[in-house]
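A.B. asks: What follows is a predicted protein model with its sequence.
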Amino acid sequence: MSATVHLIVNGRAEVLQAEPTDTLLEALRRDLWLKSVREACGIGVCGSCTVLVDGRPISSCLLLARLAEGTTVETVESLTDGETLHPIQQAFVDHTAFQCSYCTPGFVLATKALLEENPRPSADEVRHYLAGNLCRCGSYRNIEEAVLDAADRLGG
């Protein structure tokens, strides 16, 4: 039986219809066409489906959509301002912190959460915080450099 779910997604009030087994990942892609939220492993290991729920990085493939009732959800689509990239996104571009870019939205959102929590992380703290995100192309060194650069750009 379908249920109505009210939440704020990327700054806008949204109403979703969710079946009991619908994940937040499925609802965001199906109902709101937010294609940056990507499924890879489907078991919360890879980080490709990362979204921020009330500011915290969450594997949206593990969260039932109904449990997101009343939350604020942020996807990577919320970061750009027209044609201007967010400083985190620009740092990823400048450091070529991607290859296939399938994992990039999850890394960018995890980076945003990290820098809001710790504006001046060390390289070790970056690696530890982003350990839940996997890059199958192996761009880890460039990702680390991009995160540290983004911290500088954001004034951390």
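C.D. replies: Received the coordinates, thanks.
A.B. asks: give me the element the residue nearest to residue 42 when sequence neighbours are not counted is part of.
C.D. replies: Spatial nearest neighbour of residue 42, excluding adjacent residues (CB to CB, 6 or more residues apart in numbering): residue 61 at 5.3 Å. The way it works is simple: take the backbone N, C-alpha and C, and place the C-beta from them, glycine included. When elements are assigned from DSSP states H and E, residue 61 belongs to no helix and no strand.
A.B. asks: Could you pull up the contacting residues of residue 61?
C.D. replies: 23, 25, 39, 41, 42, 43, 44, 49 (CB atoms under 8 Å, 6 or more residues apart in numbering).
A.B. asks: Looking at the residues you listed, which is nearest residue 147?
C.D. replies: Nearest to residue 147 among the contacts of residue 61 is residue 49, at 19.6 Å by CB to CB.
A.B. asks: If you rank the contacts of residue 61 by neighbours, which is first?
C.D. replies: residue 49 (27 neighbours; other CB atoms under 10 Å).
A.B. asks: Distance-wise, check that residue relative to residue 128.
C.D. replies: For residue 49, the distance to residue 128 (CB to CB, to the nearest Å) stands at 21 Å.
A.B. asks: re earlier: mind picking the two most distant members of the contacts of residue 61?
C.D. replies: Taking CB to CB, no two of these sit farther apart than 23 and 41, at 12.7 Å.
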